[in-house]
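A.B. asks: Turn this into a model:
(chains A and B)
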Amino acid sequence: MKNKRNLLAGPYLVWSVAFIIIPLIMVFYYGFIDRDGAFTLENIMAIASPEHSKALWISIRLSLISTVICFLLAYPLAMILANMSVNQNQFIVLVFILPMWMNFLLRTLAWQTLLEKNGVINSVLKFLSLPTINIINTEAAIILGMVYNFLPFMVLPIYNSLARMDHDVINAARDLGANNVQTFLRIIFPLSIPGVVSGVTMVFVPALTTFVISAILGGSKILLIGNVIEQEFTQASNWNLGSGLSIVLMIFIIISMVISSILDKDGEGNML
Amino acid sequence: MKKTKLISALLMTALAAFLLTGCGGDKGGENGEVIVYNWGEYIDPDTIDMFEEETGIKVIYDEYETNEIMYPKVASGTSNYDLLCPSDYMIQKLIENDLLTEINFDNIPNMKNIGQQYLDQSKEFDPENKYSVPYCFGTVGLLYNKTMVDEPIDSWDVLWDEKYSGNILMQDSVRDAFMVSLKRLGYSMNSLDAAQLEEARDELIAQKPLTQAYVVDQVRDKMIGDEAAIGVIYSGEAIYTQRENENLEYVVPKEGSNVWIDCWVIPKNAQNKENAEAFINFMCREDIALMNFEYITYSTPNDAARALIEDEAIRNSEIAFPDLSKYNDMETFHYLGEEGDEMYNEYWKQVKSAD
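C.D. replies: Coordinates of the predicted model:
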C-alpha cells in the first residue's frame, strides 16, 4: 500500500522540486549575494530604506483595509447562501464564481475602463446629470480592485464552514433559551472561525503581494512593495535586491499564516 | 518494494528529463533552425512563415518586454539564442561585456537597403557598425490632443504646466522619464552628474501631482480615448494613434529628445550564426521590411521599403521619417555602467515613492 502511494506522489514530488523548491532556493541564493557573488545581508536590510519601507507599509495598510471590507461583505452573504435551499444557493454560488473564470488581468483592466475619467461609469453619471467620480489612480481604486478580485476567496471558505455546521448545535442553543444574537455570537461565529481565518489569509496574502492591481488601477503612481520587486527584476536588472525584498515579503506572509493557524486551532478547540 | 521504488525513480527521472529538455525531438526544418529573441509584437508573424517556407529554416521565436528582461538571460549563457533585437544602449552594454559576435555582412546583401544616416546614428553605440543591423527606429516626443490644449505645443515645459493637471501621461520607465526631465533642464540625457540628476529628480517629484498616471503602452489607448491631453510617446505609436483619433498631434520638443534604434545582433554563443544572418537578410528585404512597417508602424531604416509605401502622406511623414539633421540636441541612450544604472534607478524609486 505504502509503496503505491509513494508512486502516486512521484509526479507531485517532481513538480514541487522543479517549480517550488528549486525556485525558492534560487530566490534565497540571489537574495543573500551581491552582484559579485559575495555573501551579503544588504539586500534584506534594504527594506529599511525610506522608499522600500514606505512601499511595504502602504501594501500592508491597503491589504488590511481590503481584507476587512471583504470580510464585512462576505460574511452576511455567506450566511444568506448557507441558509438557502440547495437549488437556490448553487445558482448564487455560480454567479459568484463565474467572474473567476475570466482572466484576472482582464477583470482588472475592465475596472480601469469602468472607472476612467471618460469611462463607462462616469458616462452614465454624466448622462443622468449626476456628479462624476474620480477615483482612478488613487488608493481607493486599488482597494476596490483588491476587494473585487479577492472577494470570492473570502466568501467560499466562510460559506463552506457555515454550510457544514451541525444544525443540532444551533437548535440546542435555541432550546436552552439563547436568542438570535447570542446564538450567533456564541455558537455560529466561533464555529465559522476556521473559514474566516482561511478567507482572511486567502485575501490578505495575494493583496499584499500584488503589483498588477496598483499598476493598472493606481496608474503606477502608488508604489507597493510588489511593484518595487517587479521593477528590480524587469527594469533595474537587480535580481539580488529583488530577491532580497521577496524574502522579506515572504517573512510577512509567513507571519500572517502563523497567526491564522493559531487562530484556526482556537476555532477548532472551541468546537470540542 | 525495491522494484516499485525503482520504477518510481525511473518515472521521475524520465519526467524530469522531459521537463528539462522541453519536447526536444526533431531538430528544426530541413536547413536547421534559428532561435530569435525579439520584442513583443515587433514583427508581422506572416513574415516568419514566409521565411520558413523560402529557406527551410525553422524559426523558434521568443519575445521579451524590456531590454532589461532580455539581458540577464543572454548574459548568463543559459539560453542559446541566435538573434536578438535590443535597443541602442543595450547593444553597447552587450558589446562592452563581450557578448556579441561580429556579423558577416557577405551573407547580408540586402544591407544596401539600409539608409546611411541610420548607420551613422548607430555609431554612437556600435562605433564600426560591426555588430548591428538597424531594424526599427524612432523618436520620443509629445502627443497632444488639439481640442484640449490652447497654445502651440513645442516644449517639454508643458508637462509641468498646472493648467493640465490630471491630464498628463508620463512614461513609466526610468530612462525615458529622466530623459524628459534632463532635456528640459538643458542637460544630456546620458548625464552621470549627481547634481544634474538630483535636479531632474526634484523636477519629476514636483511634476508627479500633475500627472494622471505613469504608463507605458497605455499612453496609446488613453490618448485615443480622450482620457488625457498630453502624453510622452514613441513616434511609432504616434502614427497609429493618429489613425484612430484625428485630433491627436505629435511633436518633438525643441529642447531635443531621444532617437532610438533597435538593431539585430547575434550573441556570441549562437549555435546557428549563418541562419541568423539569413534571417537578418530576409528582414532587410524591401517587401518584408514594408510588411513589418505596416504591421508594427514603427519607422523602418530601410530606404528601399520606404520608397514602396503607397500612401504618400506616410512616405513623407515627418513623424515616421524625421530628418535627423534638422533637430538640435537629439541624442541616443548610452549604457551608463552598473553604477550609473543604479544611480538612475535609485532616483527613479524616489520619484515613484514620493507623494
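A.B. asks: Which parts of stretch B:125-142 count as buried, going by neighbours?
C.D. replies: In terms of neighbour count (16 or more other Cβ atoms under 10 Å in any protein chain shown), stretch B:125-142 has its buried residues at B:125-126, B:129, B:131-142. The way it works is simple: take the backbone N, C-alpha and C, and place the C-beta from them, glycine included.
A.B. asks: no no, stretch A:169-181
C.D. replies: So, applying 16+ other Cβ under 10 Å, buried residues of stretch A:169-181: A:170, A:173, A:178.
A.B. asks: And stretch A:28-35, by the same measure?
C.D. replies: A:30-33.
A.B. asks: Okay, and which of the buried residues of stretch B:125-142 map to strands?
C.D. replies: Residues from the buried residues of stretch B:125-142 lying in strands, with DSSP state E as the criterion: B:133-142.
A.B. asks: Residue numbers of the stretch 151-300 of chain B in contact with chain A?
C.D. replies: Proximity of the stretch 151-300 of chain B to chain A, by Cβ under 8 Å from any Cβ of the partner chain, involves residues B:172-174, B:208, B:211-215, B:222, B:225-227.
A.B. asks: Going by residue numbers, what spans are helices in the stretch 51-200 of chain A?
C.D. replies: A:86-97, A:104-115, A:120-127, A:139-163, A:167-175, A:180-183, A:189-209 (DSSP state H, counting those that start in this stretch).
A.B. asks: what sits against residue B:208?
C.D. replies: A:221, B:351, B:354-355 (Cβ atoms under 8 Å, 6 or more residues apart in numbering or on different chains).
A.B. asks: Quick check, pLDDT for the residue of the stretch 101-250 of chain A found nearest chain B.
C.D. replies: For the stretch 101-250 of chain A, the residue closest to chain B is residue A:219, as judged by Cβ to the nearest Cβ, at 2.7 Å. Looking at residue A:219, its pLDDT reads 91.
A.B. asks: Secondary structure of residue B:169: a strand, I assume?
C.D. replies: Yes. Judged by DSSP: H, G, I helix; E, B strand; the rest coil, residue B:169 forms part of a strand.
A.B. asks: Quick check, it in contact with residue B:211.
C.D. replies: Yes. Using Cβ atoms under 8 Å, residue B:169 is in contact with residue B:211, at 7.0 Å.
A.B. asks: For residue A:36, what are phi and psi?
C.D. replies: Dihedral angles of residue A:36 (phi, psi; degrees, to the nearest 10) stand at phi -90, psi 0.
A.B. asks: Give me the distance between it and residue B:345.
C.D. replies: 18 Å (Cβ to Cβ, to the nearest Å).
A.B. asks: what does residue A:68 give?
C.D. replies: Distance from residue A:68 to residue B:345, by Cβ to Cβ: 35 Å.
A.B. asks: what does residue B:112 give?
C.D. replies: For residue B:112, the distance to residue B:345 - Cβ to Cβ - is 41 Å.
A.B. asks: Neighbour count for the two, which is higher?
C.D. replies: Ranked by neighbour count (other Cβ atoms under 10 Å in any protein chain shown), residue B:112 and residue B:345 place residue B:345 first, with 19 against 9.
A.B. asks: Could you find the closest non-adjacent residue to the more buried one?
C.D. replies: Leaving aside its chain neighbours, residue B:345 sits nearest to residue A:236 (4.3 Å; criterion: Cβ to Cβ, 6 or more residues apart in numbering or on different chains).
A.B. asks: Tally up the residues packed near the one you found, please.
C.D. replies: Residue A:236 has 20 nearby residues by other Cβ under 10 Å.
A.B. asks: what's near enough to touch it?
C.D. replies: Applying Cβ under 8 Å, 6+ apart, the residues near residue A:236 are A:242, B:68, B:174, B:341-342, B:345.
A.B. asks: mind checking the SS state of it?
C.D. replies: Per three-state DSSP, residue A:236 ends up coil.
A.B. asks: What segments of the stretch 101-250 of chain B are helices?
C.D. replies: B:116-122, B:174-184, B:194-207, B:218-224, B:235-244.
A.B. asks: in chain B, what spans have low per-residue confidence?
C.D. replies: By pLDDT under 70, the low-scoring segments of chain B are B:1-28.
A.B. asks: Which residue would be the closest one in it to chain A?
C.D. replies: For chain B, Cβ to the nearest Cβ, closest residue to chain A: residue B:213, 2.7 Å.
A.B. asks: Would you check that that residue makes contact with residue A:216?
C.D. replies: No. Judged on Cβ under 8 Å, residue B:213 makes no contact with residue A:216 at a distance of 9.6 Å.
A.B. asks: Tell me which stretches of chain B form strands.
C.D. replies: Counting by DSSP E, the strands of chain B are B:33-39, B:58-64, B:83-84, B:100-101, B:133-145, B:168-171, B:211-215, B:230-234, B:248-251, B:259-264, B:266-267.
A.B. asks: Stretch A:243-250 and chain B, any residue contact?
C.D. replies: No. Stretch A:243-250 lies out of reach of chain B by Cβ under 8 Å from any Cβ, never closer than 11.5 Å.
A.B. asks: among the ones in strands among the buried residues of stretch B:125-142, which two are most distant?
C.D. replies: Maximum pairwise distance in those, criterion Cβ to Cβ, is 30.2 Å, between B:133 and B:142.
A.B. asks: so what are the domain limits for chain A?
C.D. replies: A:1-31, A:43-271 (automatic domain parsing).
A.B. asks: Kindly report which one of the ones you listed carries the lowest mean pLDDT.
C.D. replies: Looking at those, the weakest mean confidence is domain A:1-31, a mean of 86.
A.B. asks: what about that domain, distance to the chain center?
C.D. replies: 25 Å (Cα atoms, centre = their mean, to the nearest Å).
A.B. asks: residues of it that come out buried?
C.D. replies: Neighbour-count burial for domain A:1-31 [16+ other Cβ under 10 Å]: A:10, A:14, A:27, A:30-31.
A.B. asks: do stretch B:254-269 as well
C.D. replies: Neighbour counts using 16+ other Cβ under 10 Å place B:255-267 of stretch B:254-269 among the buried residues.
A.B. asks: Now residue B:65: phi and psi?
C.D. replies: phi -100, psi -30.
A.B. asks: Next, count neighbours for it.
C.D. replies: Count around residue B:65 with other Cβ under 10 Å applied: 13.
A.B. asks: Surely it and residue B:40 touch.
C.D. replies: Yes. Between residue B:65 and residue B:40 a contact is recorded at 5.7 Å, counting by Cβ under 8 Å.
A.B. asks: Between which two of the contacts of residue B:208 is the distance greatest?
C.D. replies: Longest span within those, Cβ to Cβ: B:351 and B:355, 11.1 Å.
A.B. asks: More neighbours: which of these two?
C.D. replies: Remark: of residue B:351 and residue B:355, residue B:351 carries more neighbours, 24 against 8, as counted by other Cβ under 10 Å.
A.B. asks: Disregarding residues adjacent in the polypeptide, which is nearest to that one?
C.D. replies: residue B:204 (4.5 Å).
A.B. asks: what residues does the stretch 1-150 of chain A put near chain B?
C.D. replies: Going by Cβ under 8 Å from any Cβ, the residues of the stretch 1-150 of chain A near chain B are A:3-4, A:6-7, A:10-11, A:13-14, A:18, A:35, A:50-51, A:54-55, A:116-118, A:137.
A.B. asks: Keep only those of those residues that are in strands.
C.D. replies: Per DSSP E, the residues of the stretch 1-150 of chain A next to chain B never map to strands.
A.B. asks: Quick check: PyMOL command selecting the buried ones in the residues of the stretch 151-300 of chain B next to chain A.
C.D. replies: Buried members of these can be picked out in PyMOL with the line below, counting by 16+ other Cβ under 10 Å:
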select buried, chain B and resi 172+173+174+211+212+213+214+215+222+225+226+227
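A.B. asks: Noted, bye for now.
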